[in-house]
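J.: The following comprises the amino acid sequence and a computationally predicted model.
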Amino acid sequence: MLRITVQSARNLIAGDSNGFSDPFVEITVRCKGMDDISMKTSIVKKTLDPEWNERFEIPVKNLQRIGFVVKDHDVIGKNTELGYANVTHAEEKFCRWPKQMELKMRKGHLSVVIAFGGPEDWVFDAYKGTLALEVEEAAQLYDANSVSQQSPYAVLKLNEEETKTNVHAKGGVAPKWHQKFSLKVDGSRELQKLNITIKEKGVMSDTVIGEVDLPLQVIIGGEQTRWWPVRRKGGVKGELKLKADFKGNGGFPKADKLDEKDVGLLSVKYGADDYWVDCTSVFSKAVKFGKLTILKDTDVDFLCGCDPAPQAQKKLVLEYFLDRKKTKKEILVSERKGSRVTSKGGIFVQHVVPETCVIKGLGGTKFRNRSVSEGGSSSEATKTKPGDTDPRVFLIPLAVLMIAYLYNKIFG
């Protein structure tokens, strides 16, 4: 998936006699093995500093090049070109982490943000393998049968595969199944989700008791047994106990471990309530020269490969070491709905960072004992262990002795 946000332009050429332009941007995406995809922004009237803030989302693979052409819209005749720029995936190596770019035009520049979740994405790999899942029991469920004890069963759906448990006759609000399933995780989808719908077996029709939606990132991470909240009509009513064990590949790469002698990110988690994903490695790899920058409007769902808690207000929780002090920062992630500008159209929901966040002085173990300047550059310092004497303290007295020796040789 390719995401392009056209933000704004500054100091463009005046294309009209009134000293202004009516700018818009044409975008062309070139991928290997498919026809070019073209899109364009809306037109902003009478300005040399247009603001668009329009996002384009295109499901593509094998990305090669993205072209941007800024034009002045003319009612009569051909639109006037104000500048153009091309960027290549081979040179820029786009990934899920949004990349802010300032592209030079004939005069002025165009500001864009590009993110690409492609097959070579270092942030997140789609899961591929087998999920061994045991549906054990439920507790405190909604009672859908007011006449007698209800008889619940559970329907499991992962992508297009669907299966179900046996019916626990008169299981009531605390049914027990203890049934095992082997579900194929094919790796063809990034945002794979396990849906479990608990139903009451009726005479004429079945009634939904509640649902559990679990992104694979939440339940995958070695063998685990735990209770998950069952949601019903926007609230929580009951719990479902699952035992999950995934065998296969995919997910986030492992992050380096830090101790109190290091500076850098200790952990980053995204979610709410009982639904959290550990995305430390994603944010650790984005630290450049000791600085982490999380841009405003970064879609955290896309960045982390899932929405871990669809029903809740989510947070990013960052823990890190600065000057051997453990620090914690929480960012409330807001929900934004709007029009999706793609070749197919549609509606999207994104969960975004409300303001740009910058944390300086990070870097992990490879930046240990380095001094990081305000501009972001770093220089290697002499490596000493806590409590050791810096060898440079002996240089001054040694220099004094050498000067005294030479003075005695010459003037003695």
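T.: Great, that's in hand.

J.: So residue 179 is in contact with residue 132, correct?
T.: No - contact criterion Cβ atoms under 8 Å: residue 179 and residue 132 do not qualify, at 11.8 Å. Every residue, glycine included, has its C-beta placed from N, CA and C.

J.: Show me what the longest strand seen in the chain pairs with in its sheet, parallel or antiparallel.
T.: Assignment by DSSP state E gives strand 235-251 as the longest strand of the chain. Counting by DSSP bridges, the strands paired with strand 235-251 are strand 125-139 (antiparallel), strand 224-232 (antiparallel).

J.: Of those, which stretch is the most buried?
T.: strand 125-139 (a mean of 18; mean count of other Cβ atoms under 10 Å).

J.: how far out from the middle of the chain is it?
T.: Computed by Cα atoms, centre = their mean, to the nearest Å, the chain-centroid distance of strand 125-139 equals 23 Å.

J.: and it, average pLDDT?
T.: Averaging pLDDT along strand 125-139 gives 88.

J.: continuing past that strand, what's the next helix or strand?
T.: strand 152-158 (DSSP states H and E).

J.: Report the mean per-residue pLDDT for that following strand.
T.: 94.

J.: what comes up buried for that strand?
T.: 152-156, 158 (16 or more other Cβ atoms under 10 Å).

J.: which helices and strands does it pack with?
T.: strand 125-139, strand 161-164, strand 176-186, strand 193-200 (3 or more Cβ pairs under 8 Å, 6 or more residues apart in numbering; DSSP states H and E).

J.: Dump the ones you listed into CSV; add distance to residue 14 as well.
T.: Listed next are the helices and strands packed on strand 152-158 as CSV, based on distance: least, Cβ to Cβ, whole Å:
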stretch, distance to residue 14
strand 125-139, 48
strand 161-164, 59
strand 176-186, 54
strand 193-200, 51
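
J.: what's the residue nearest the centre of the chain in contact with, if anything?
T.: Centroid-nearest residue in the chain, with Cα atoms, centre = their mean: residue 303, separated by 1.4 Å. Contact analysis of residue 303 by Cβ atoms under 8 Å, 6 or more residues apart in numbering lists 96-98, 115, 123, 279, 282.

J.: which residues in the stretch 1-150 of the chain form helices?
T.: 89-92 (DSSP state H, counting those that start in this stretch).

J.: Below-threshold pLDDT in it: ranges please.
T.: 118-125 (pLDDT under 70).

J.: ok, 90 please
T.: 1-3, 14-19, 32-34, 53-63, 74-80, 89-99, 115-131, 144-148 (pLDDT under 90).

J.: can you pull out the strands in it?
T.: Ranges of strands in the stretch 1-150 of the chain, per DSSP state E, counting those that start in this stretch, are 2-10, 23-31, 37-40, 51-58, 63-72, 80-88, 99-104, 109-116, 125-139.

J.: Now distance to residue 307 too, for the ones you listed, in CSV please.
T.: Supplementary listing: the strands of the stretch 1-150 of the chain in CSV, determined by distance: least, Cβ to Cβ, whole Å:
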stretch, distance to residue 307
strand 2-10, 16
strand 23-31, 26
strand 37-40, 25
strand 51-58, 15
strand 63-72, 24
strand 80-88, 29
strand 99-104, 22
strand 109-116, 16
strand 125-139, 16
